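**Q** only the shape, not the letters, is given here:
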């Protein structure tokens, strides 16, 4: 019986219903045998536990494994399985999740308006006054006249700055925080560096953007659709009709490829390419942690929480059910997963390909809207948006509010066991915090809007609040989170320029900067992207596959959370493995949101470098997969989706190719590791994620990010604002943003947001930092290297109440 | 204009053709093989099992969704192919879309223009289906007048994403060549042109399938159905002898494709769309870099 069970477990695959049936039959026999407790070795119980584990019945698995461990406590593999089963049981991973719906062709082929519910009772305020129109025309005229001059200057200085396009180190090193001396030479180099950044962005927008629909409307939408009038002023649930191209940026549209060559020339599925090393091998050798986790000294854990929260609003791929076949990778004899379960392969679901596939490269669809519209909070379709606004009585809540429980937390989805919100997969406690924070902010904004605009309907209040909340998110991300992770004076100024424009950034202190000031030209560079002209650069506004790959930041997740309260550290360490899925809200209930915010604010974020993934991610359970390795998945997905390997990825962005491993890193130990996995001269095989994490080129000036990742980021940071009419053309339209909404958007910071909803944090280290993503455990005086932004003399020099 | 547009609609299972005035609720209909239709063909209750009221309901919901649809646009109806993933939202949508039970069977085949309306009103007949060449031009007739004066042609070229000066030059050229100093009559275009000149359309104004096959073979040599314009131009030179009119038309087509594709290329869908007219609808409907579509400039409201 044991041999048969082991043989079935070795062959285990989710794709074979007959094998699963046999395993269940075998399980029954094992359970009968175990009931008699006749096996003094505990092997019967252990095997029953493993069978149940593979069938994703974790609670029962844990019971059998516990019994087995009692009989042989020294069996490490059993103890590991018991730990994993218990964690998955507590996390309620066995809860039946609704199967992910594959996208349907009709969703894109039918008129987008069919999938929207027209908001009721919308009473738009008056349009721009004559004076505003004239001022806008004047700013536009000045912008039109100055734009070519500015672009030429950027081209001239930017290209002069470096003959080799991507050798920015010298120029950007002038922007490293902490160097306080201001000399003419440094200022000149900083100016050149800023121009270079602008130049590189222009080059990338010109050369690397691609249209996955090849000249057709986004999503191959049928032409000539009638645009619902309200969509000109209010955001839609699914991202449709954000521009006149109905499906541009809509949920379900493709991820394009990015690069100087057409996607058809390089994008190919390499998931099962036998010439490449096994992803599990890559994971174990190059991503698994070695010793204590390395931490970024200048970032707290809120920075990690924030970016995952944002990413869930930007993109997600859907996966096919196991019946469609799985990607299978053999496990080594000594692999801990193999030793624990007997399984010989690791399996991954395939990514769902685009339902509207054309000839040419394989494309995949984004489950989320491609816009910065807070879809992680509100959902990416009408049904979800409406559901989140519905109270327990089944009616839409008044005043446009989202449903929160009496204690101000998100309701728990009884089917999923996690908070019900716009996007709730890959859930852990960090997301509980962020989603609750922004749901509360939404309701707060609804109250303000209701007081300011008493005539607005509930639908109108909701839509306007969604706009305001999304814009606050965008601003925090642009002028707070990003400078925090890239604390470089040049980059910080560049990011500020994105929002406020060169003129306001140059001439005004931080607190007085506003986008589109009356005396600035209407131009994305001079006056800021916000309020300037929309510019998609002629390519549909869609997040690229490249972008989704560089935002794989699992290395930023810690293994444990150090719990704090307002009285200081409690000494409790919560394993992140036990803060996932259903355990997240249990933790929130036990510790309270405010204490968790404190804990995240004080704890440092792990660094984005090689061999620094959290250990639990290499052997864990996720929805639908009893055993998986998330680090290996990061390798698998890039290969599967046709994203080129690291070296080609660089070349496609216009960067120089690495000749060998020593161009990635100068560390001989790391070089030896790369060589061991990819072979001698295997530079072209190096996986994107590995290259990014091992890269050292610009680590010093960029600090939080590697520079290849930065290249994609550089372009996208501005593009996702510049291509969105709601951040550009419509910013100055009072029918879209009232004066009060705009004021609140530009005045809200992450700290003010936290303090508004968790006033107790005023007594914490949050009050001693200028940027809420810096560690709250120190100040710029006690640890300047942990607060490089504040340590820079000019960044916060004019900040009211500056704590420098 | 919207309220007065009459639609040509084809009912696929029966092959019957209808002209529906959604505002007045009036329906004309003929059987599958009848090439023309007149006011004498008014359908009061139903024709071949297709009820008038269902047709009018479907036409009204269609008009609510479309501003300038291309002939060939199907009325939306959700397929029931994939029942593995039931979803309340789709169930509701399905209910709305399939309210007449007809939608999936109907195809829009173009509008009735003012000249055709007048012909019908005076007891004349109009074709139930326009030729591909006429459809190609109808795509540019935003005012549904049935003829294109220089102003209409200018707007059409603007909708095809040409710069204003270029659009003006093209409009005047087209007006002189095809209208001979008068408005270009869409119904008369077949008689006024040389079938040999453009190659894409046969003498009957329909797409020359053999020519299209040659293009297909050319595009089959690519990996993504997209080809450089220079290569396509060489192909023309080698296989066809274009006159100067045709050369100018290809030039405009290439210019529009360059704007749409962001590079000097043509896709197979664009080439086919040029012949069946759908290309003009795509060109007018795709947003430019500012997120605006030319369609709203040439067809306000």
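**A** Perfect, thanks for sending it. This structure is a prediction, so every number in the text was calculated from the model and none was measured.

**Q** how about low-confidence regions in the chain?
**A** Picking chain A for this. A:94-101, A:160-186, A:697-706, A:793-804 (pLDDT under 70).

**Q** was after chain B, sorry
**A** B:1-4, B:77-101, B:190-200, B:241-245, B:301.

**Q** hey, where'd the helices end up in it?
**A** Ranges of helices in chain B, per DSSP state H, are B:52-65, B:88-97, B:114-121, B:132-138, B:150-159, B:164-179, B:189-192, B:195-198, B:209-219, B:229-239, B:244-261, B:268-276, B:278-285, B:295-298.

**Q** hey, which of these is tucked in deepest?
**A** Sort the helices of chain B by mean neighbour count, taking mean count of other C-beta atoms under 10 Å in any protein chain shown, and helix B:278-285 sits at the top with a mean of 25. For the C-beta atoms, the positions are set from N, CA and C on the backbone; glycine is no exception.

**Q** can you give the contact residues for it?
**A** A:215-217, A:223-225, A:244-245, B:68-72, B:136, B:139-140, B:156, B:159-161, B:253, B:256, B:260, B:270, B:272-273, B:293-295, B:298 (C-beta atoms under 8 Å, 6 or more residues apart in numbering or on different chains).

**Q** now with 7 Å, please.
**A** A:216-217, A:223-224, B:68, B:70, B:72, B:139-140, B:159-161, B:256, B:260, B:270, B:273, B:293-295, B:298 (C-beta atoms under 7 Å, 6 or more residues apart in numbering or on different chains).

**Q** re earlier: output the helices of chain B as CSV; include the columns distance to residue A:509.
**A** Conversion of the helices of chain B to CSV gives the following (distance: least, C-beta to C-beta, whole Å):
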stretch, distance to residue A:509
helix B:52-65, 51
helix B:88-97, 49
helix B:114-121, 63
helix B:132-138, 60
helix B:150-159, 46
helix B:164-179, 44
helix B:189-192, 66
helix B:195-198, 65
helix B:209-219, 59
helix B:229-239, 52
helix B:244-261, 43
helix B:268-276, 52
helix B:278-285, 46
helix B:295-298, 42
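
**Q** now the residue most central in space within chain A: which helix or strand?
**A** Nearest to the mean C-alpha position of chain A, by C-alpha atoms, centre = their mean, lies residue A:311 at 2.2 Å. Counting by DSSP states H and E, the element that carries residue A:311 is helix A:301-314.

**Q** contacts for that helix next, please.
**A** For helix A:301-314, contacts defined as C-beta under 7 Å, 6+ apart pick out A:368, A:374-376, A:423, A:430-431, A:433-434, A:477, A:481, A:484-485, A:543, A:551, A:553, A:556-558, A:600-601, A:603, A:605, A:772-773.

**Q** check contacts around residue 127.
**A** Let's take chain A. By C-beta under 7 Å, 6+ apart, residue A:127 lies in contact with A:733, A:734, A:735.

**Q** to clarify, I was referring to chain B.
**A** B:35, B:36.

**Q** where does the residue in the stretch 651-800 of chain A positioned nearest to chain B fall, helix, sheet strand or coil?
**A** Closest residue of the stretch 651-800 of chain A to chain B, C-beta to the nearest C-beta: residue A:725 (5.1 Å). Look at residue A:725: counting by DSSP: H, G, I helix; E, B strand; the rest coil, its state is coil.

**Q** wait, doesn't it sit right on residue B:289?
**A** No - at 11.7 Å, residue A:725 does not count as touching residue B:289 under the criterion of C-beta atoms under 7 Å.

**Q** what residues does the stretch 101-250 of chain B have near chain A?
**A** B:223, B:224, B:225, B:226 (C-beta under 7 Å from any C-beta of the partner chain).

**Q** how about the second one: what's its closest non-neighbour residue?
**A** Right, the one you point to is residue B:224. residue A:360 (3.3 Å; C-beta to C-beta, 6 or more residues apart in numbering or on different chains).

**Q** that neighbour is in contact with residue B:225, isn't it?
**A** Yes - the pair residue A:360 / residue B:225 is scored as a contact, 6.5 Å apart, by C-beta under 7 Å.

**Q** which secondary structure element contains residue A:432?
**A** Using DSSP H and E, residue A:432 falls in helix A:429-452.

**Q** again but with residue A:621, I slipped
**A** Residue A:621 is part of strand A:620-622 when elements are defined by DSSP H and E.

**Q** before we move on, back to that, buried ones from the contacts of residue A:127, can you make that a ChimeraX selection?
**A** For the buried members of those, the matching ChimeraX selection, counting by 16 or more other C-beta atoms under 10 Å in any protein chain shown, is:
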select /A:733,734
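
**Q** could you list which of the contacts of residue A:127 belong to strands?
**A** Residues of the contacts of residue A:127 located in strands (DSSP state E): none.

**Q** would you reformat the contacts of residue A:127 as CSV and include distance to residue A:275?
**A** Below are these laid out as CSV (distance: C-beta to C-beta, whole Å):
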residue, distance to residue A:275
A:733, 55
A:734, 60
A:735, 58
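
**Q** what residues does chain A have near chain B?
**A** A:99, A:101-102, A:104, A:106, A:110-111, A:113-114, A:211, A:214-217, A:222-226, A:243-245, A:248, A:264, A:358-360, A:383, A:533-539, A:725.

**Q** report the beta-bridge partners for residue A:300.
**A** residue A:604 (DSSP bridges).

**Q** run a quick neighbour tally on it.
**A** 29 (other C-beta atoms under 10 Å in any protein chain shown).

**Q** now residue A:327
**A** Neighbours of residue A:327 (other C-beta under 10 Å): 20.

**Q** one more: residue A:669?
**A** 8.
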